[in-house]
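J.: how does the following fold in three dimensions:
(one chain, ligands or ions: 1)
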Amino acid sequence: MEVIDGNQIAAALVAELKAEVSAIRGRKPCITLVRVGEDPASVSYVKKKGRTAAEIGIESRVLLPPVGIAQAELEALVDGLNRDPGVDGILVQSPLPDHLDEAAVFARISPEKDVDGFHPYNLGKVVQGDEAGFAPCTPAGIMELLARSSVELEGRHVVVLGRSLIVGRPVALLALQRRAGANATVTVCHSKTVDLPSIARQADVLIAAIGRAEFVTADMVKPGAVVIDVGINRVSDPSRKAGYRLVGDVHFESVAPLVSKITPVPGGVGPMTVAMLMKNTVKAFRRRGGC
Ligand code: GUN
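T.: Just a heads-up that it's a prediction; the model follows:
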């Protein structure tokens, strides 16, 4: 059994991007991160995105509009970023406070600056298998992690647990694409699936993205399978200083001994998401005419 080291693979990608960005003369790529409210996970993600950008040489700007900002004002803020020639990528951190319509905000971002890949245009590009668009970062990160871990998908059965717009659905579409590194046979399971464990057990590659702590247990996994754990769940743990620890959607201790490869939480898919955001930002910069 091999534990796939997402930190190491993401670090390699970040080093490649750093070399690429350091060769750019003149203006560097720029990402603007918009965070509304003080959701602790969002605070930590935005910080991490800013730090990784700095490491690569990508400029990052953070905007913190007031938590009570109205929909129209937030959309006007996005319009301003769309028009700003110095901004290559725009990311509005999810989740937004309840009074805001997140889908409408994502749709307001110019598709050429939508480095998160959540705009309907870019999701459409994923459906079409057209790599000119921006694929969402977590699904793209999973594909990169599999490729860099020498996991062959062609003809194999990928079972995705979860149908979210951010992970489950797009990763299913990416694995299905007609191209080297994809060409999988894909099944998507969700909360209404009948006998999910029997389908999960058929997976050569099992991608768990349901957002339920340690949901996947040993009886749901075929011996020798590859398991990708996308979950990041906080469970209370009074023995930790923070009062909680992070666990995935997979019960690691019982599943790991069975599999050929598995990603840990933390240190698996998570670091890849940030690395792919940076890759999309450099791609946006180049597509907008940066050199
Ligand atoms: N919240 C959790 N993950 C993400 C992400 O990849 N992008 C955005 N915008 N918000 C998130």
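J.: make it CA atoms for all contacts and neighbour counts henceforth
T.: Will do.
J.: hey, where'd the strands end up in the stretch 101-250 of the chain?
T.: 157-161, 185-189, 205-208, 226-229, 233-236, 244-247 (DSSP state E, counting those that start in this stretch).
J.: ramachandran angles for the closest residue to residue 109 other than its chain neighbours?
T.: Excluding its sequence neighbours, the residue lying closest to residue 109 (C-alpha to C-alpha, 6 or more residues apart in numbering) is residue 78, at 6.2 Å. Main-chain dihedrals, residue 78, degrees, to the nearest 10: phi -60, psi -40.
J.: could you measure from residue 78 over to residue 291?
T.: Distance of residue 78 to residue 291, computed by C-alpha to C-alpha, to the nearest Å: 25 Å.
J.: more neighbours: these two, which one.
T.: residue 78 (21 against 14; other C-alpha atoms under 10 Å).
J.: contacts only, for the more buried one.
T.: 105, 108-109 (C-alpha atoms under 8 Å, 6 or more residues apart in numbering).
J.: separation between it and residue 119?
T.: For residue 78, the distance to residue 119 - C-alpha to C-alpha - is 13 Å.
J.: likewise for residue 135?
T.: 10 Å.
J.: check residue 3 too.
T.: 33 Å.
J.: so between these two, which is more surrounded?
T.: When residue 3 is set against residue 119 and neighbours are counted by other C-alpha under 10 Å, the residue ahead is residue 119, at 25 against 15.
J.: leaving out sequence neighbours, find the closest residue to the more buried one.
T.: With C-alpha to C-alpha, 6+ apart, the residue lying closest to residue 119 is residue 107, at 5.0 Å.
J.: doesn't residue 123 make contact with that neighbour?
T.: No - if you go by C-alpha atoms under 8 Å, residue 107 and residue 123 don't touch, sitting 10.8 Å apart.
J.: between those two, who's got more neighbours?
T.: residue 123 (21 against 16).
J.: one step back: in TSV: the strands of the stretch 101-250 of the chain, plus distance to residue 270.
T.: Listed next are the strands of the stretch 101-250 of the chain as TSV, based on distance: least, C-alpha to C-alpha, whole Å:
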stretch	distance to residue 270
strand 157-161	17
strand 185-189	21
strand 205-208	13
strand 226-229	10
strand 233-236	12
strand 244-247	12
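J.: the ones you listed: which one's closest to the ligand?
T.: The ligand lies closest to strand 233-236 among the strands of the stretch 101-250 of the chain, at 12.0 Å (C-alpha to the nearest ligand atom).
J.: can you give the strand pairings for that closest one, parallel or anti for each?
T.: Here strand 233-236 is paired, per DSSP bridges, with strand 244-247 (antiparallel).
J.: what distance separates the strand it pairs with from the centre of its chain?
T.: How far strand 244-247 lies from its chain's middle: 19 Å, per C-alpha atoms, centre = their mean, to the nearest Å.
J.: after it comes which helix or strand?
T.: Following strand 244-247 in sequence order, the next helix or strand is helix 252-255 (DSSP states H and E).
J.: list residues touching both of residue 78 and residue 119?
T.: With C-alpha under 8 Å, 6+ apart as the test, residue 78 and residue 119 both reach 108-109.
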